[in-house]
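Participant: predicted model and sequence follow; I will ask about them next.
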Amino acid sequence: MKKLSVIFFAVVLMTVEASAQCAMCKTTLENNISQGNPGIAAGINFGIIYLLCTPYLAIVLIAFFWFRASRKNRVTPV
(Lines give C-alpha, C1' and ligand atoms only; values in the text may rest on other atoms or scores of the structure.)
Protein backbone atom coordinates (compact mmCIF):
# COMPACT_ATOMS: atom_id res chain seq x y z
CA MET A 1 0.00 0.00 0.00
CA LYS A 2 2.85 2.37 0.82
CA LYS A 3 4.50 1.72 -2.54
CA LEU A 4 1.22 2.43 -4.35
CA SER A 5 0.78 5.75 -2.56
CA VAL A 6 4.34 6.80 -3.39
CA ILE A 7 3.76 6.02 -7.07
CA PHE A 8 0.46 7.94 -7.02
CA PHE A 9 2.02 11.05 -5.49
CA ALA A 10 4.92 10.87 -7.95
CA VAL A 11 2.45 10.87 -10.86
CA VAL A 12 0.49 13.76 -9.36
CA LEU A 13 3.64 15.80 -8.82
CA MET A 14 4.73 15.20 -12.40
CA THR A 15 1.38 16.44 -13.74
CA VAL A 16 1.48 19.61 -11.62
CA GLU A 17 4.27 20.96 -13.81
CA ALA A 18 2.32 20.27 -17.02
CA SER A 19 0.89 23.26 -18.87
CA ALA A 20 -1.19 21.55 -21.53
CA GLN A 21 -4.13 23.45 -22.97
CA CYS A 22 -6.93 22.81 -25.40
CA ALA A 23 -7.09 24.75 -28.66
CA MET A 24 -9.67 27.22 -27.33
CA CYS A 25 -7.65 27.92 -24.19
CA LYS A 26 -4.48 28.38 -26.21
CA THR A 27 -6.19 30.87 -28.54
CA THR A 28 -7.61 32.83 -25.60
CA LEU A 29 -4.23 32.97 -23.91
CA GLU A 30 -2.41 34.05 -27.07
CA ASN A 31 -4.93 36.87 -27.59
CA ASN A 32 -4.65 38.05 -23.97
CA ILE A 33 -0.86 37.90 -23.92
CA SER A 34 -0.64 39.87 -27.20
CA GLN A 35 -2.93 42.52 -25.64
CA GLY A 36 -0.64 42.76 -22.60
CA ASN A 37 -2.59 40.73 -20.02
CA PRO A 38 -0.41 37.71 -19.05
CA GLY A 39 -2.17 37.17 -15.69
CA ILE A 40 -4.99 35.18 -17.27
CA ALA A 41 -2.53 32.52 -18.47
CA ALA A 42 -1.61 31.55 -14.91
CA GLY A 43 -5.27 31.35 -13.95
CA ILE A 44 -6.20 29.12 -16.86
CA ASN A 45 -3.22 26.82 -16.24
CA PHE A 46 -4.17 26.56 -12.56
CA GLY A 47 -7.75 25.72 -13.55
CA ILE A 48 -6.56 22.96 -15.87
CA ILE A 49 -4.42 21.41 -13.12
CA TYR A 50 -7.30 21.76 -10.64
CA LEU A 51 -9.70 19.96 -12.97
CA LEU A 52 -7.09 17.27 -13.61
CA CYS A 53 -6.33 16.55 -9.93
CA THR A 54 -9.88 16.70 -8.50
CA PRO A 55 -11.08 13.26 -9.75
CA TYR A 56 -7.86 11.60 -8.58
CA LEU A 57 -8.20 13.19 -5.16
CA ALA A 58 -11.80 11.97 -4.91
CA ILE A 59 -10.74 8.43 -5.82
CA VAL A 60 -7.94 8.48 -3.23
CA LEU A 61 -10.30 9.71 -0.51
CA ILE A 62 -12.88 7.04 -1.32
CA ALA A 63 -10.19 4.36 -1.31
CA PHE A 64 -8.79 5.63 2.00
CA PHE A 65 -12.14 5.60 3.76
CA TRP A 66 -13.00 2.20 2.27
CA PHE A 67 -9.68 0.78 3.46
CA ARG A 68 -10.16 2.27 6.93
CA ALA A 69 -13.70 0.88 7.18
CA SER A 70 -12.55 -2.56 6.07
CA ARG A 71 -9.86 -2.58 8.75
CA LYS A 72 -12.45 -1.74 11.43
CA ASN A 73 -14.74 -4.54 10.26
CA ARG A 74 -11.96 -7.14 10.22
CA VAL A 75 -12.54 -9.91 12.76
CA THR A 76 -9.50 -10.73 14.84
CA PRO A 77 -8.87 -14.45 15.43
CA VAL A 78 -9.07 -15.63 19.02
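Facilitator: Yes, it's here. This structure is a prediction, so every number in the text was calculated from the model and none was measured.
Participant: now residue 41. Nearest residue, chain neighbours left out?
Facilitator: In this structure, residue 41 finds its nearest non-sequential neighbour in residue 29, 4.8 Å apart by C-beta to C-beta, 6 or more residues apart in numbering. All C-beta atoms are positioned from the backbone trio N, CA, C, and that covers glycine.
Participant: just confirm that neighbour contacts residue 40, I think it does.
Facilitator: Yes: distance between residue 29 and residue 40: 6.7 Å, which falls inside the contact criterion (C-beta atoms under 8 Å).
Participant: who has more neighbours, the two?
Facilitator: Higher neighbour count among residue 29 and residue 40: residue 29, with 19 against 15, using other C-beta atoms under 10 Å.
Participant: from residue 46, how far out is that one?
Facilitator: Between residue 29 and residue 46 the computed distance is 13 Å (C-beta to C-beta, to the nearest Å).
Participant: what segments of this structure are helices?
Facilitator: 2-16, 23-34, 39-73 (DSSP state H).
Participant: can I get the ones you listed in CSV with mean pLDDT?
Facilitator: As requested, those are arranged in CSV below (pLDDT from 0 to 100):
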stretch, mean pLDDT
helix 2-16, 70
helix 23-34, 78
helix 39-73, 86
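Participant: residue 32 touches residue 40, doesn't it?
Facilitator: Yes: Residue 32 lies in contact with residue 40 (C-beta under 8 Å); the separation is 4.7 Å.
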